[in-house]
Structures are given as C-alpha cells and as structure tokens.
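Novice: Got a predicted model here, sequence first, then my questions.
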Number of protein chains: 2
Amino acid sequence: MDLKQNISLAHGSGGKLTHDLIKDLFLEKFKNPILSPLTDSAILNINGAYLAFTTDTYVVKPLFFPGGDIGKLAVCGTINDLAVMGANPICISCGLVIEEGFEYKILEQIIDSMGKTALDTGVQVVTGDTKVVEKGGCDGIFINTSGIGLVKSECRLLPEDIQVGDKIILNGPIGDHGIAVLSARENLGLSSEIKSDCAPLWDLISQVLDTSKNGEAKASHYNKIKFMRDITRGGLATILNEIVDEKSFGIRLKEKDIPVREEVKGACEILGFDPLYIANEGKVVLVVASEDAPLVLREMRRHPLGEDAQIIGEIVSEPEGKVCLKTLAGGTRIVDMMTRDQLPRIC
Amino acid sequence: MDLKQNISLAHGSGGKLTHDLIKDLFLEKFKNPILSPLTDSAILNINGAYLAFTTDTYVVKPLFFPGGDIGKLAVCGTINDLAVMGANPICISCGLVIEEGFEYKILEQIIDSMGKTALDTGVQVVTGDTKVVEKGGCDGIFINTSGIGLVKSECRLLPEDIQVGDKIILNGPIGDHGIAVLSARENLGLSSEIKSDCAPLWDLISQVLDTSKNGEAKASHYNKIKFMRDITRGGLATILNEIVDEKSFGIRLKEKDIPVREEVKGACEILGFDPLYIANEGKVVLVVASEDAPLVLREMRRHPLGEDAQIIGEIVSEPEGKVCLKTLAGGTRIVDMMTRDQLPRIC
C-alpha cells in the first residue's frame, strides 16, 4: 500500500491534490459507471427522464461577505452544478452542522437568505437535517446542499466531440468571489469594495440553450455546445486543465481577452495571486463549435449575467493536454492545474 | 420578533427543540408543500415516477464503534430514510468536511466502509464533494449523504388513515446504537460489549411490503401499513410522539413488550438513561391495521433484521396526542418527546 500524506488544505482546493484524492480513493472505493465521468452532477435515467444529482458542502469564512453569504452561496452553488449539465434545478436539500452557542439571529439571516435565493430561482428546499456539535466541534456553521435537476430533453453535452478549433467562452470577469471573501476575512481594507459574483446561472444557461436550439441554428444545435462548467474552487485554470487532461488536444488562451476587473487585478498584484486560480461563484465556461461561437456569445451578452462574455481562447492541437496562455507581453506560458490551496474556505 | 435562544446541543437532538427549530424557522423560510409534511424523505413526482429524496449529515463521535463506523452509518442512515417511505434506494451522494491533518489511512478505512456498505445494499455513490477546513475548524470528519430512491409503485403510506386499534410494530431491541457509541466514546468499560444495530433496512422493509401485497392479504394491502419510520435520534419515544402530535388519538405502549437487551437495560440503569430515548440505527416502527398486524409481524420475524419483532402497543382514543406506557410495575406514565439532548453526536 502506498503511504499517502495526511489531509492538507490543498486536498480541498479543487486542484491537483483534490483530483488525486478522487482518483486514488473515491473512484477506487465507490467504483461505478455514473460516478466515473466526474462531471459536476451525476446523470441518472429514471423511467426515461434524465435527472442530474449533485452535492456540495459550504464552509466559507466569513459567513457574510460583499455580494453574498453562506446561505445564498449554498443555493447558487448547487443550482449551478445542475445548470452546467443542462438541467433545470427542481429541488435541493439543506443539511446543517451548527456549533453549540451559534447565534439564533445569524442562523435566521442565513436561512432567510437561502429561502429567498431558492424562491427567486424557482427551486424548492424539500428536505433537511440539522446536527449540532459541541462548542469548538466546528467553526460556526457548515451547509450541505444536494440538488436534483431535470435535464432538458434536447440537451446532450458531448465533451468527447471537442475538437481543434472549438472556442472557449466565458460569461464575465473572473476572481470577484475569491477576492471579496478574502477581503472580508482578512479585513484587507481594499480601497474599492469588490463584490462576490455569487449568482444562480440557470436562467442564463437556459436562455443560451433555448436560443441556440430555436434560433438561427439547426435543431441539433445543442450538440455544438459541447461542455459547460461553472468555475469555482481552483479557478479558470483548474477547470481548463480538467478539460484537456489526458486528451490529444490543448487549450490556448489569450490573456488580453480574459475579463478581470481592475480592482481584482490590483488586489491580486498586491497579494501575489493569479486571477486564473481565484474562485468564482457566478461564472461558467463553455466549449462551443467554432461556427456557433458567435451566436452563443451574442446570446450570452443579452443576459445580465453574461453581458461581459468573451471568447477567451480555443482548442488547439498542441501541446496536448496543456493549457497555454499568450500573455499581454507577447510571450506564452503553460498554465498548470493549481497544486496548493492559495485561498482556503472560499466556498 | 421573538428573541430565540442561541443554538444548543438539544437543537440537534431530534427532540422538542429540533422540532421547534424546524417549525419556527425552516418551514417558515422554506415554505413549500413538499417540505411541509416533514417525512423522512421528500416525495417528488418526476414524469410520473415517485422519487424519495433525503439528506443527513453524520457527526458521530468516535468515528469507529462496536458494530460500525461513520462510513457505514452514513450509508445505512440515508438508505433507511428512503426505505421507510417505501422507496428502493438507488443512489447516494457523499459530501465530506475533513479537518486539516486528518490521517489518510483513517479516511481510507471510512471510505472503504462506505463503499462496501453501498455495494452490499446495491446502492451507488454517484456524486461527491470534499472540503478541508483548517486544524480545529471541525472535529475530524463530518459526512453528508443525500439519497434518491424510487417509491414502489404500489406503496402508498397513508398516515391520515391511522385509527384507533391499529398496532405499533417494532423490528427488534432498542438502544443498542446509542449505548455502543457512548460506551466507545467515554470508555465506560461496560463488561459485555454492546454492538450498534447499524444496518440497512430496505431488504427487510421491501420483503414485508412485497409479502403483504402478494401473500394472503388483498392487493390493496399496502394501505394497511399506514406509517413507517426508522428510530434514530430522540429514540422510540420521540418518533411515537411525532405520530400522535396534534392528532385526535394517542398511543398506549406495554413496557413488557418493548424489546431491550439486558446489557442495554443495565447500562441505562447505571448511566441514568431511558432506553425509550436512546438512538438506534437499524430499527423501524410501523403502524399497521389491526387485522394485518399478525401477518406483518410473522413476515418481519422471517428476516434476520426482524427476528425479535414485537407488537409493542396500539393506537388508542385517549389521551389524545399523548404516548402512555403501561409499566412493568402495572402503573401508567406519559412518555414525552425528548426535551434535552442526553447523548450528543450519536449519529
């Protein structure tokens, strides 16, 4: 038996150690064909209906931050994991672990925020569980939400169809969430307040899927959106590395086309972070057939959550399995998967 | 606004404060018709198929105890919440919160136990999430499992049909799990080792449902099993109080008919606990029409997890909304819902 290192913060980062843990332990012990694709949600065929099923636990610190709180995050995050599978979120669960002595009025604010976010997005919280651990047994409150969504019947995302020339589309600027949480946690006193982008993405995604089907493109159009993923822990760099991992193609990004707010850029420079690795909670990346990219981009920009959408790069033949960035300075560098956790407890 | 007390261990006990929290906060903020019945699982109608959906977080301490561990518990507990809705468990999720520095080999043992329990019961772990919090941010490991089950098409549990004369059936002795965990945690050195009853109940429940349908009884027989609930936190007393809460009937129990192992009785006497309030993880209570109770009892006893099944009491007309116990000594006492948490972190 391999002697594995004990669990470190990086195992929960969404980066390389998380992937190793999943491959070496979870896939090994839980092996089954539904889990193996490691998509954001499992897809189940129930009497001919395709259901997406996903789970996430939220341990963000602090509980409240500019643009959101742990309750809003717990609803949006799980909705987004369903949405990127082309699934209309139907219902979620709410599993709480609360520390003894936690203030009732804070709990009330969090549950209120969950309820409002769920109501706004047409999702019902249908089942729940509450555990209380003794003082010191956990840090305040952790929230697990699991969700079920109904996959749009015409929606077949086919990552295996990804080919050279396909475009990478991003719905807006990256890094807001991570910097907002860090700023609130460390009381950095950044001059301008950066707000988390925490938002439910189903409305945007649904609109793009519908228009691309019913609009100018042909009925089989869904096949041309080959992959969607919300970019959370590990940031854009990690998701893109997952797309090319062990594949016979790579990704080339253009730094000039990747939207990053000036305030986020500034904060990253001061703190020594790279926006490509910062967590987001309202961003989605799509891989789209080249000929359909303009239509998808136009449609995204018509939605408030996609008005800053950009084509940020494309699928290239080499280097295989790598993500390369053409920098503003004109050079090219490899963008690796995140190997350590630069920002723990960001979600 | 009511000034509510801050969160105490009793809010997570499954007893009265848990119920108050659910009614005053969760039902208020999440209000929807699926959540409101507060059954063990939500029932969803997806394209004509009835799905059960449930969630539970496991924070048991210690992680390993006689008869089980947190991994086995996390799979069995969620399977059982589906099973008591008449739902065949299909798949579960696995959401982990792990403390930085947690030993890899302990994690491996837990995941191995989850995998084996899932395999043994034909359930797949199809989606997951891992968060790591800094040292001291949580106590070792917490596991959330959410589950989806397919409700047997003929199974319609109708608690609203419960009537005077219906029998209360229990599948075996109570208190084993709580005492086993407490004994392992506090190193009580009880002379004989009491093992947790932690077990997946679907096989037993499914067999009882099938036989009662196909056997001697008529095809509509499922209606005669009016209610099922696994008895975990809060113990038998709490579940029975939930059945009669705000109803125009009560329950009368006979202490002599409630199975409790001698070792558990002894431990409870020493520790000052009442077995009626101790948690179980492999026990189910059924409310069955009087004329069908003998058949259901016989069928349960044919299964290894039901061989000590007993009719422990019945639905009575008064006192309304109360659970009464006819004691061994011949007296009668009211059995209340648990109001404090006598044994925290038992599941």
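Specialist: Structure received. Numbering: from 1, shown residues only, chains lettered A, B, ... in the order given.
Novice: from here on, contacts and neighbour counts on C-alpha atoms
Specialist: OK.
Novice: Please name every helix or strand in contact with the strand or helix carrying residue A:117.
Specialist: Residue A:117 is part of helix A:104-120 when elements are defined by DSSP states H and E. Packed against helix A:104-120 by the contact rule (3 or more Cα pairs under 8 Å, 6 or more residues apart in numbering or on different chains; DSSP states H and E) you find helix A:70-83, strand A:124-133, helix B:27-29.
Novice: Quick one: closest of these to residue B:130.
Specialist: helix A:70-83 (14.0 Å; Cα to Cα).
Novice: okay, the angle between that closest one and strand A:124-133?
Specialist: Following axes from the mean of the first three to the mean of the last three Cα atoms, to 10 degrees, one obtains 130 degrees for the angle between helix A:70-83 and strand A:124-133.
Novice: what residue ranges in the stretch 1-150 of chain A score low on pLDDT?
Specialist: Confidence mapping of the stretch 1-150 of chain A against pLDDT under 70 gives the ranges A:1-3.
Novice: mind running it again at 50?
Specialist: By pLDDT under 50, the weakly predicted segments of the stretch 1-150 of chain A are A:1.
Novice: which of the helices and strands packed on helix A:104-120 sits most buried?
Specialist: Most buried of the helices and strands packed on helix A:104-120 by mean neighbour count (mean count of other Cα atoms under 10 Å in any protein chain shown) is helix A:70-83; its value is a mean of 29.
Novice: Which one, of the helices and strands packed on helix A:104-120, ends up nearest to residue A:192?
Specialist: helix A:70-83 (22.2 Å).
Novice: What pairs with the helix or strand following the closest one, parallel or antiparallel?
Specialist: Stepping forward along the backbone from helix A:70-83, the first helix or strand reached (DSSP H and E) is strand A:87-99. For strand A:87-99, the paired strands and their directions (DSSP bridges) are strand A:124-133 (parallel), strand A:141-151 (antiparallel).
Novice: For residue B:289, find the nearest of the ones you listed.
Specialist: The minimum distance between residue B:289 and the strands paired with strand A:87-99 falls on strand A:124-133, with 28.3 Å, by Cα to Cα.
Novice: can you give me the angle the closest one makes with helix A:104-120?
Specialist: Using the same axes, to 10 degrees: strand A:124-133 against helix A:104-120 is 160 degrees.
Novice: Tell me the buried residues in the helix holding residue A:117?
Specialist: Of the residues in helix A:104-120, A:104, A:107-108, A:110-119 count as buried by neighbour count, 16 or more other Cα atoms under 10 Å in any protein chain shown.
Novice: Same check on stretch A:51-67?
Specialist: When neighbours are counted by 16+ other Cα under 10 Å, the buried residues of stretch A:51-67 are found to be A:51-67.
Novice: How about stretch A:327-336?
Specialist: Residues A:335, A:336 are the ones in stretch A:327-336 that count as buried (16+ other Cα under 10 Å).
Novice: Could you tell me the end-to-end distance of it?
Specialist: Between the opening and closing residues of stretch A:327-336 lies a distance of 15 Å (Cα to Cα, to the nearest Å).
Novice: same thing with stretch A:14-25?
Specialist: The first-to-last residue distance of stretch A:14-25 comes to 15 Å (Cα to Cα).
Novice: can you list the residues that contact that stretch?
Specialist: Under the criterion Cα atoms under 8 Å, 6 or more residues apart in numbering or on different chains, residues A:10-12, A:233-234, A:238, A:337-341, B:108, B:111, B:130 lie in contact with stretch A:14-25.
Novice: Hmm, residue A:307 is touching residue A:173, no?
Specialist: No: with contact taken as Cα atoms under 8 Å, residue A:307 and residue A:173 are classed as non-touching, separated by 10.1 Å.
Novice: higher neighbour count, those two?
Specialist: Just comparing residue A:307 and residue A:173: by other Cα atoms under 10 Å in any protein chain shown the higher neighbour count belongs to residue A:173, 21 against 15.
Novice: Quick one: residues contacting the more buried one.
Specialist: Contact partners of residue A:173, counting by Cα under 8 Å, 6+ apart, are A:258, A:259, A:260, A:261, A:283, A:308.
Novice: And the furthest pair within these?
Specialist: Taking Cα to Cα as the measure, those reach their widest spread between A:261 and A:283, a distance of 13.7 Å.
Novice: what's the overlap in contacts for these two?
Specialist: When contacts are counted by Cα under 8 Å, 6+ apart, residue A:261 and residue A:283 have A:173, A:174 as shared neighbours.
Novice: out of those two, which sits in the busier spot?
Specialist: Using other Cα under 10 Å as the criterion, residue A:261 and residue A:283 rank with residue A:283 on top: 29 against 16.
Novice: sorry, back to before: from the contacts of stretch A:14-25, which is closest to residue A:125?
Specialist: Distance from residue A:125 was checked for each of the contacts of stretch A:14-25 by Cα to Cα. The minimum falls on residue B:130, at 22.0 Å.
Novice: tally of neighbours for the closest residue to that closest one other than its chain neighbours?
Specialist: Once flanking residues are discounted, residue B:130 sits nearest to residue B:96: 4.7 Å by Cα to Cα, 6 or more residues apart in numbering or on different chains. Other residues lying near residue B:96 total 23 when counted by other Cα under 10 Å.
Novice: who's in contact with residue B:96?
Specialist: Applying Cα under 8 Å, 6+ apart, we find residue B:96 in contact with A:57, B:128, B:129, B:130, B:131, B:141, B:142, B:143, B:144.
Novice: that older thread, kindly reformat the strands paired with strand A:87-99 as TSV containing distance to residue B:160.
Specialist: Below are these laid out as TSV (distance: least, Cα to Cα, whole Å):
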stretch	distance to residue B:160
strand A:124-133	21
strand A:141-151	28
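Novice: Nearest to chain B among the contacts of residue A:173?
Specialist: residue A:283 (19.1 Å; Cα to the nearest Cα).
Novice: Helices of the stretch 151-300 of chain A, residue ranges please.
Specialist: With helices called from DSSP state H, counting those that start in this stretch, the stretch 151-300 of chain A shows them at A:176-186, A:202-214, A:235-244, A:262-271, A:293-301.
Novice: Thank you kindly, that will do.
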